[in-house]
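**Student:** Return a 3D structure for these sequence lines:
(4 chains)
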Amino acid sequence: MLDKNGIAQRIAQELQDGTYVNLGIGIPTLVANLVPEGMQVEFQSENGILGMGPFPSDDEVDADLINAGKQTITALAGAVYFDSATSFAMIRGRHVQLTVLGAMEVSQSGDIANWKIPGRLVKGMGGAMDLVASADNIVVAMMHTNKRGESKLLPSCSLPLTGVGCVRRVVTNLAVLDICDGAFHLVERAPGVSVDDIKAATAGVLIAPSSVPEMQL
Amino acid sequence: MLDKNGIAQRIAQELQDGTYVNLGIGIPTLVANLVPEGMQVEFQSENGILGMGPFPSDDEVDADLINAGKQTITALAGAVYFDSATSFAMIRGRHVQLTVLGAMEVSQSGDIANWKIPGRLVKGMGGAMDLVASADNIVVAMMHTNKRGESKLLPSCSLPLTGVGCVRRVVTNLAVLDICDGAFHLVERAPGVSVDDIKAATAGVLIAPSSVPEMQL
Amino acid sequence: MALDKTVSGVEAACQGIEDGMTVMLGGFGLCGIPECSIGELARLGVKDLTCISNNAGVDDFGLGLLLKARQIRKMIASYVGENDEFERQMLSGELDVDLIPQGSLAERCRAGGAGIPAFFTPAGFGTEIAEGKEVRQFDGKPHILESALTADFAIVKAWKGDTAGNLIFKATARNFNPAMAMAGGITIAEVEELVPAGALDPNQIHTPGIFVQRIFQGAHYERRIEQRTISTASSNK
Amino acid sequence: MALDKTVSGVEAACQGIEDGMTVMLGGFGLCGIPECSIGELARLGVKDLTCISNNAGVDDFGLGLLLKARQIRKMIASYVGENDEFERQMLSGELDVDLIPQGSLAERCRAGGAGIPAFFTPAGFGTEIAEGKEVRQFDGKPHILESALTADFAIVKAWKGDTAGNLIFKATARNFNPAMAMAGGITIAEVEELVPAGALDPNQIHTPGIFVQRIFQGAHYERRIEQRTISTASSNK
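**Tutor:** Numbers count the residues shown, from 1 in each chain, chains lettered A, B, ... in the order given. As a prediction, this is how the structure comes out:
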């Protein structure tokens, strides 16, 4: 079973050389520090930067340079700043090739819910609805079950949706699963996790091949 | 009767202090040199400049600095360059307050035709359709009749339209006319031109008050 | 000669903002917000405002100041929170909240300034955001029709500006400011440094002065940071 | 680290442009046109192109070179003319021509790059441009629905560029280049000066490198002027 860093490490294997990537808040943010050696990936943050670098040193901190999580950041050589309309032109226009984000629920048809719990305070969707409606490749990084031990991989989402039929792959603390033809297809097991463990934790339709490889981290 | 420079001089009286103005090709271009003393007007050219200045001296000529008529120009202090989409955002969004352009025909309902003569080569509408569909104040500068002596102020346009119900005022070599309620309303006569002269040259409905002042140039 | 948009200061800039008006404010979180003008709105005490802004500030800074004084009747934003008073007013029904996907918010402001009354976007299809909105397929993919946003006043914050109203923003403090500058009936720009027309390179201007009606040099920028994150030698390099 | 978009030169940049493809080209008149790439298209002899460009060059320069060699099957533009060969081919029916209002052309390219499949504009309502298009009233004013434009390749010309594909344009040579850069399946940028990533101020870039797939430094720019107009001491000051 993986911890959050482990999930981020597995997500990092989804990165492809020469691509632009948008990382959501939470586990996805950790991926920025895990780009494989020799691979060129450029990170976009939807508040208006391409070429986002690591957090600043104490004397580099600039209130005018933040990421979409409102954290202070730095800019790498070749970075560029732009306004919000242009930023979402990049996203909506599918120039950002990979989006990684967290979720409260994912359905076997690729629906995602991650912005609203009825009856609790609604903070808003931020850029999530634009992101999931746009990129060709949407990968979700999340725990397989919620704090009450209930599956977050469902036949259909119970929470208000963020997007419909958009999630291609889910990486959890238990497994890597692809979504197609209305089912979760088990691709990899986390170290020490059995197919039965994953089946037990997955409420949606799960299709497992006879042999499921273990993740290589 | 006015010549083209006279029409431009009269158009210059339409300029208002503190406004942005787009001048079409031909007679309107002449207006740029006729801004009344002490008045602040900023000229926009739809290919991407605000704060267009006079033609350059021989050693100032820059192939990268032209107006929408493809003439070499200069930029005044406070000028700004922008791309075509932003330029027409200014126009369509009604940030440019006055557009002056030429026409082949204008109708008594404010329609304008100035881009196409069927059976002859069609060069295109350029920015004219965007301009006439957008600005609150559209003034046409043209000769009252065509080369065959036929009126260009008509009950309805015979040529393909550039825009519908958009022209507010027409300044010709004979008169200044406002368009409202489906008629041309005579506002001023050109020096030495009688109301009867104007009536004879106007095919559309012409409404003339009992006394029509002569233009003051 | 360039038009002169300068006003004497924040009081003159905010003149005419009245109870019940719609005001757009640039900024992302607390980054690039018009601090001086927000302070003036608090001082003026104008009420029943509809504010369009990506976020709603924090309890004691940014739009949070206007929330605390109950000056905002409706908030149109993409992400709120970080703000206890906001939560209280929303749950009690004192405050109307209209949440909009961030990209649609930015594009709707740009559209409002660009004379485009409506456009299709894929964002929000199949969600409650799409309720009551027209849906149409393009290239086999469903899109929803979103309409333009405009405001009585737009208030933006820039790094440098000239007397002609031309603006240059710094780094990610640009964010919503350029799109909102386009969409204001009257657009107010507060800048850290105001220079004479001609002092800025005409090639490097982010917001052309035609979109700005009033400009002044602000003062005492606090520039508060929400999440001060620092890299240590071992992390993040 | 920024992605590297550099290619060895114009031949590598234009690789993959084939007969029958749609190619967008930046420029207004002869100002800001991708001179080197147009020369390469002429050399390659690719045929049956659909070209999207505000203008169609003159008889012996710009897109006129491709027209003369009969490489263009269809021209999508806002203003043509200044070109006898164009006239001959259009009247003889050899060349299809689709004329579009200039602002709609620019916005349709931007929309194509921004993932907006369609938008409403007032331009062209009541004219033949509106034939067959949906009309809808907004605020009592009729608008027509215009769709996005994209292309297999977009070719733009910038003043400066870096290896990450970030572009800076000069003066009015910017024109259609930024919107078209967004709308190309593959976007080629030819620049007068190519510098390493990091050499350009990230605040001053007009076209972010994400929109550019290939960049190279061009040479021998002729920069022809269509209307050389000079002010004399007595005029125009």
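**Student:** buried ones in the worst-scoring helix or strand of chain C on mean pLDDT?
**Tutor:** The weakest-scoring helix or strand in chain C, judged by mean pLDDT, DSSP states H and E, is helix C:84-92 (a mean of 87). For helix C:84-92, the buried set under the neighbour-count rule, 16 or more other Cβ atoms under 10 Å in any protein chain shown, comprises C:85, C:86, C:87, C:89, C:90. All C-beta spots, glycine's among them, are computed from the backbone N, C-alpha and C.
**Student:** Residue C:179: which of these is nearest?
**Tutor:** residue C:86 (23.1 Å; Cβ to Cβ).
**Student:** Okay, that closest one and residue A:121: tell me how far apart.
**Tutor:** As for residue C:86, its distance to residue A:121 is 9 Å (criterion: Cβ to Cβ, to the nearest Å).
**Student:** tell me which parts of chain C are close to chain B?
**Tutor:** C:1-4, C:110, C:112-116, C:162-164, C:166, C:182, C:196-198, C:202-203, C:205, C:208-211 (Cβ under 8 Å from any Cβ of the partner chain).
**Student:** Give me the buried subset of those residues.
**Tutor:** Of these, these count as buried by 16+ other Cβ under 10 Å: C:2-4, C:110, C:112-116, C:162-164, C:166, C:182, C:197-198, C:202-203, C:205, C:208-211.
**Student:** From those, list the ones also adjacent to chain A.
**Tutor:** Within these, those near chain A by Cβ under 8 Å from any Cβ are residue C:110.
**Student:** Show only the entries of the buried ones among the residues of chain C next to chain B found in strands.
**Tutor:** Judged by DSSP state E, these include residue C:162 as members of strands.
**Student:** contacting residues for residue C:128?
**Tutor:** Each residue near residue C:128 by Cβ atoms under 8 Å, 6 or more residues apart in numbering or on different chains is listed here: A:160, A:161.
**Student:** can you check residue A:204 too?
**Tutor:** Residue A:204 makes contact with A:107, A:108, A:151, A:153, A:154, A:155, A:183, A:184, according to Cβ under 8 Å, 6+ apart.
**Student:** quick one: which of those sit in strands?
**Tutor:** Going by DSSP E, the strands hold A:107, A:153, A:154, A:183, A:184 from those.
**Student:** Now do the least confident helix or strand of chain C: everything it contacts.
**Tutor:** By Cβ under 8 Å, 6+ apart, helix C:84-92 touches A:121, C:56, C:59, C:64, C:67, C:68, C:70, C:75, C:80, C:81, C:95, C:97.
**Student:** Make TSV from these and add pLDDT to it.
**Tutor:** Formatted as TSV, these follow (pLDDT from 0 to 100):
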residue	pLDDT
A:121	75
C:56	94
C:59	90
C:64	95
C:67	95
C:68	94
C:70	96
C:75	97
C:80	91
C:81	76
C:95	95
C:97	94
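**Student:** which of the residues in stretch C:123-142 are buried?
**Tutor:** C:123, C:124, C:125, C:126, C:127, C:129, C:130, C:142.
**Student:** Could you do stretch C:179-199 as well?
**Tutor:** Within stretch C:179-199, the residues that count as buried by 16+ other Cβ under 10 Å are C:179-184, C:186-192, C:194, C:197-198.
**Student:** Tell me where chain A has helices.
**Tutor:** Assignment of helices within chain A using DSSP state H yields the ranges A:4-12, A:27-30, A:84-92, A:128-134, A:195-201.
**Student:** between the ones you listed, which gets nearest to chain D?
**Tutor:** Chain D sits nearest to helix A:84-92 of all the helices of chain A, at 3.1 Å, using Cβ to the nearest Cβ.
**Student:** chain center to that closest one: distance?
**Tutor:** Put simply, helix A:84-92 sits 19 Å off its chain's centre (Cα atoms, centre = their mean, to the nearest Å).
**Student:** For chain A, identify the residue most remote from the centre.
**Tutor:** No residue in chain A sits farther from the centre than residue A:59, which is 31.0 Å out by Cα atoms, centre = their mean.
**Student:** Let me know how buried residue A:36 is, in neighbour terms.
**Tutor:** Residues near residue A:36, counting by other Cβ atoms under 10 Å in any protein chain shown, number 10.
**Student:** what do you get for residue A:111?
**Tutor:** 24.
**Student:** For it, give its distance to chain D.
**Tutor:** Applying Cβ to the nearest Cβ, to the nearest Å, the value for residue A:111 to chain D is 20 Å.
**Student:** longest helix in chain C, by residue count?
**Tutor:** helix C:102-114.
**Student:** who does residue 184 bridge with?
**Tutor:** In the absence of a named chain, this looks at chain A. residue A:179, residue A:206 (DSSP bridges).
**Student:** wrong one, I was asking about chain C
**Tutor:** Beta-bridge partners, per DSSP bridges, of residue C:184: residue C:151.
**Student:** Might one say that it is in contact with residue C:177?
**Tutor:** No - contact criterion Cβ atoms under 8 Å: residue C:184 and residue C:177 do not qualify, at 11.0 Å.
**Student:** show me what contacts residue 107?
**Tutor:** You didn't say which chain, so I picked chain A. Contact partners of residue A:107, counting by Cβ under 8 Å, 6+ apart, are A:153, A:154, A:155, A:156, A:157, A:204.
**Student:** Chain C, not that one
**Tutor:** A:85, A:88, A:89, A:92, C:119, C:121, C:146, C:179, D:114, D:116 are the contacts of residue C:107 under Cβ under 8 Å, 6+ apart.
**Student:** So for stretch C:36-46, mean pLDDT?
**Tutor:** Averaged over stretch C:36-46, pLDDT sits at 98.
**Student:** so does it get close to chain A?
**Tutor:** No - judged by Cβ under 8 Å from any Cβ, stretch C:36-46 makes no contact with chain A; its nearest approach is 15.5 Å.
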